[in-house]
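# Predicted coordinates and the sequence they were generated for:
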Amino acid sequence: MGVKSPRSGFRSLFEGSTFENAGTGTYFTGYAKPVEQTFFPGEKLDAWDKRLALNHKTSMDLATRVERKELEPNKAGRHGITLLAKLPAFDTHYGFLIPAAHLIINGLLKGFWYYVLMDYTGACPRNVLPNRARNELTKRGKRLQLPHDMGRPYVDIVKKKGTWVMENWLHWAETFCQISHPLLEEHCPDSHQAWLHLRAAVRHYLCSFDEYDNLSKDEVDQKRLEARDHVREYAKIVETKLTVQLCTMNLRLAQHLHDQEEYTGWIKDSMEFWVEREVQREKKHVKDRVVIMPETFLGNMHLLECAVQNIENDVGDMMMLPQQPGTISDHQLRDDFTSVTRLLDKGEERVIKFDFKFRLGHLRALVSKTSKHSLDEFTLLRFKSASLGGKEFTSKAYSRHQSRCSYHVCFRTTDAPSEDKYGDVVHYYLLHHRVSNERIRFCELQWFKGSGVRVQHVHKTPEETLLVLPLECIRRKVIFYPLESDHIEILPCPSKGRL
């Protein structure tokens, strides 16, 4: 039950209170049922009442009343008029962006999972994972095999979450958390429902997916409304079924992310990560050095990086640079690096009729669609890795990374362009026409039957179907998480455009 100690939020007049048996913090309720507000005596309002909404004019009025000592700062949600308000085009309401990354990741995500995984003695509290479920979650985490370019490896959320940084939490929300869903659904269904809503909002605001690329304005608006509703549903469940201690200022500010996105564009494009990335770059360059003119030193390091990047874009591979005298050239065994999609390292020359003895018809059909030359005029090279859209994909023949795997892929075929299918890349190939220098890049895939556009489980059978497909059919990497029997679950890898 709330007690007197109202404190207003910066984005609206809605007030929070202290609660008995909830420590000394201020918590904001009103998501599930209306509550009393001092600005509207005698009335009960819910958290989304339009009369509580602020704009530039009402924000300035509140700040003016604070400076005149007519209103306390904690009730007004501000300490006075900011200097930026003197600028003619500055909006004091939307001019200060909500720090979405810190608010969601360090606030909502951490708060929820610290609650679900809280330590306890005696009987397990309601909506908290019991110890036997936590032990099972630890075992499941050991079966995760990540792609080689995913960054930080997974570390156990049960025992090591105290060492997690933003990247760990973001990977958990986007990918790894799916190993916990059956446990949440079985032992604490209310927490499971709350998490599904919170995760959907996190994926919308902080991640970037290719299904958003070709949406119309109406479809984008619908996605934003759905994300807003997910945040609201999460808040309702937290208030009524979990604990009021999760009804923090961060959750209150999250209610305004939809309005900010309408005003400033995608949240993921206006976050504060770029500042932290620049600080990390400077720390990488300076390290323990003592320099007289740090700004000149950092400028020179930036120019050096640009020069190296230009050489990489022009040449593509150091093996394409002039060779030392007496060195045997192997350019004929390499891709030409003129395409965004290209094959990496040195290829192995193969005999077409030997490698594709039973799929020669498929290969001839592929060549006839893209070239005027016959298949017999081409030379075949086999590769172990390829660069697709700036990301490196490997094949099953690639053995440099043992603990990581980048050959599990999602792909689509021309006969079913809207259906996601899943499989393993066996080899990458290049057909090279020596006379015209024409190049056809393709791959050989093991297709696991039973996958579909919305199916999360596929049946991995010994008789997988081998397909011959252009490299452009590969859409993205995925993680194959082994389940009981011969089934696997599809886990998404980090989305493109990660900030």
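Yep, it's here.
# only C-alpha atoms for contact and neighbour calcs from this point on.
OK.
# Return the set of buried residues in the longest helix along the chain.
Criterion DSSP state H: the longest helix present in the chain is helix 217-241. Within helix 217-241, the residues that count as buried by 16 or more other CA atoms under 10 Å are 224, 226-239.
# now what about whichever helix or strand comes after that helix, what contacts it?
Towards the C-terminus, the helix or strand next in line after helix 217-241, according to DSSP states H and E, is helix 249-254. Contact with helix 249-254 is made by 9, 11, 26-28, 98, 100, 103-104, 107-108, 231, 235, as judged by CA atoms under 8 Å, 6 or more residues apart in numbering.
# helix or strand right after helix 249-254?
helix 257-264.
# who does whichever helix or strand comes after that following helix touch, helix- and strand-wise?
Heading C-terminal from helix 257-264, the first helix or strand you meet, by DSSP H and E, is helix 273-286. Using 3 or more CA pairs under 8 Å, 6 or more residues apart in numbering; DSSP states H and E, the elements in contact with helix 273-286 are helix 294-315.
# What helices and strands are in contact with the longest helix of the chain?
Applying 3+ CA pairs under 8 Å, 6+ apart, one finds that helix 217-241 contacts helix 189-206, helix 257-264.
# need the longest strand for the chain.
In the chain, with assignment by DSSP state E, the single longest strand is strand 416-432.
# Quick check: buried residues in that strand?
So, applying 16+ other CA under 10 Å, buried residues of strand 416-432: 420-432.
# Residues touching that strand, excluding its own?
Contacts for strand 416-432 (CA under 8 Å, 6+ apart): 335, 343, 378-386, 394-397, 407-413, 438-448, 451-454.
# Can you select the buried ones among those residues for me in ChimeraX?
In ChimeraX, this line selects whichever of these come out buried by 16+ other CA under 10 Å:
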select :335,343,378,379,380,381,382,383,384,385,386,394,395,396,407,408,409,410,411,412,413,439,440,441,442,443,444,445,446,447,448,451
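# CA-only coordinates of stretch 396-416 in PDB, if you can.
Below are the C-alpha coordinates for stretch 396-416, written out as PDB (Å, rounded to 0.1, in the frame of the first residue of the first chain):
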ATOM      1  CA  LYS A 396      31.700 -27.800 -42.200                       C
ATOM      2  CA  ALA A 397      35.200 -28.300 -43.700                       C
ATOM      3  CA  TYR A 398      36.500 -25.300 -41.800                       C
ATOM      4  CA  SER A 399      38.400 -26.500 -38.800                       C
ATOM      5  CA  ARG A 400      40.200 -23.400 -37.400                       C
ATOM      6  CA  HIS A 401      37.400 -22.700 -34.900                       C
ATOM      7  CA  GLN A 402      36.600 -25.700 -32.800                       C
ATOM      8  CA  SER A 403      34.500 -24.200 -30.100                       C
ATOM      9  CA  ARG A 404      32.500 -21.900 -32.400                       C
ATOM     10  CA  CYS A 405      30.500 -22.600 -35.500                       C
ATOM     11  CA  SER A 406      29.500 -20.300 -38.400                       C
ATOM     12  CA  TYR A 407      28.000 -22.700 -40.900                       C
ATOM     13  CA  HIS A 408      24.500 -23.100 -39.400                       C
ATOM     14  CA  VAL A 409      22.400 -20.800 -41.700                       C
ATOM     15  CA  CYS A 410      18.900 -19.600 -42.500                       C
ATOM     16  CA  PHE A 411      18.300 -19.600 -46.300                       C
ATOM     17  CA  ARG A 412      15.500 -19.100 -48.800                       C
ATOM     18  CA  THR A 413      15.100 -20.700 -52.200                       C
ATOM     19  CA  THR A 414      13.700 -19.000 -55.400                       C
ATOM     20  CA  ASP A 415      10.700 -21.400 -55.500                       C
ATOM     21  CA  ALA A 416       9.700 -20.400 -51.900                       C
END
